[in-house]
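Chemist: coords below, sequence missing:
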C-alpha cells in the first residue's frame with residue numbers, strides 16, 4: 001500500500017489538475033471516493049480507493065511524462081469550453097496522446113508557440129511556480145510607437161491597473177525607423193500572469209498582433225512545426 005497523501009495532492013499527482021484546482025473540484029462536489037461525494041476537509045488517500053472526478057475513474061501515475069506542443073492560434077487551453085471551440089487537448093489526442101494530460105501554464109486563444117503538457121500535476125505546479133525561476137521567452141510583434149517602451153522601468157517591475165508584474169526584459173530584434181510600423185520584440189518573463197505581455201504592451205499604447213512563445217525554462221520550441229507534439233525528458237533544473 002502506498003503512503004497516504006492529501007486528496008488534492010493525489011489528484012495533482014494523477015494529472016487531473018493542480019492542487020489549487022483540486023480544492024475547487026472538491027468544494028464543487030465533483031470528487032467522489034467509493035461512491036460518496038467528498039467535501040472539505042479532504043481526507044488522506046493512497047490510491048486503493050475508488051476515486052472519481054465528474055464520474056471518471058482516476059488512476060495513479062507511476063511514470064511522469066512531459067511533451068512539447070506547438071500550439072497554433074485558435075485553440076483554447078482548457079479541457080471544456082463553454083463555446084464548444086476546439087481545445088488543445090482535443091488536438092493532442094488526435095496527435096497520439098491518449099492519456100489525460102494538463103498544460104503547464106496557458107497560452108490564450110490568439111497566442112501560439114511552446115506549450116508544455118504533462119500527465120503529472122505536481123510537475124506542472126513546480127514548473128509554473130515563480131519560485132522555480134524558469135524564464136519564459138516570447139517573440140512578439142507589436143504595432144505602434146515602440147519608443148514609448150520603458151525597458152528600465154520594466155526590468156524593475158511595473159504595476160498596471162493595480163496588478164504588480166515582476167521584472168520583464170525587452171529586446172528589439174532590429175532597429176526601428178519610424179512610428180507606426182510592425183516591430184518584433186523578444187520578451188522574457190519570470191512569472192507569466194494572465195495576458196501579461198498584451199497588458200504591458202497596451203500600457204505603452206502598443207498593439208500585439210502576433211505572440212509566439214519560444215521557450216519555457218529548459219524547454220525550447222526548437223524545430224517543432226505548428227500543431228506538432230514532441231516527447232521531452234522530465235527536467236527540474
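Modeler: That came through fine. This structure is a prediction, so every number in the text was calculated from the model and none was measured.
Chemist: Could you use CA atoms for every contact and neighbour count after this?
Modeler: Fine.
Chemist: residues in contact with whichever strand or helix holds residue 32?
Modeler: Element membership for residue 32, per DSSP states H and E: strand 31-33. Residues from elsewhere that reach strand 31-33 (C-alpha atoms under 8 Å, 6 or more residues apart in numbering): 25, 37, 38, 49, 50, 51, 52, 53, 54, 55.
Chemist: downstream neighbour of that strand in the secondary structure list?
Modeler: strand 36-37.
Chemist: hmm, back to that, got the contacts of strand 31-33 as JSON lines, with pLDDT, distance to residue 106 and secondary structure columns?
Modeler: Below are those laid out as JSON lines (pLDDT from 0 to 100; distance: C-alpha to C-alpha, whole Å; DSSP: H, G, I helix; E, B strand; the rest coil):
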{"residue": "25", "pLDDT": "91", "distance to residue 106": "19", "secondary structure": "helix"}
{"residue": "37", "pLDDT": "94", "distance to residue 106": "30", "secondary structure": "strand"}
{"residue": "38", "pLDDT": "92", "distance to residue 106": "29", "secondary structure": "coil"}
{"residue": "49", "pLDDT": "90", "distance to residue 106": "32", "secondary structure": "coil"}
{"residue": "50", "pLDDT": "92", "distance to residue 106": "30", "secondary structure": "coil"}
{"residue": "51", "pLDDT": "93", "distance to residue 106": "27", "secondary structure": "strand"}
{"residue": "52", "pLDDT": "93", "distance to residue 106": "25", "secondary structure": "strand"}
{"residue": "53", "pLDDT": "92", "distance to residue 106": "22", "secondary structure": "strand"}
{"residue": "54", "pLDDT": "91", "distance to residue 106": "23", "secondary structure": "coil"}
{"residue": "55", "pLDDT": "90", "distance to residue 106": "26", "secondary structure": "coil"}
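Chemist: Okay then, goodbye and thanks.
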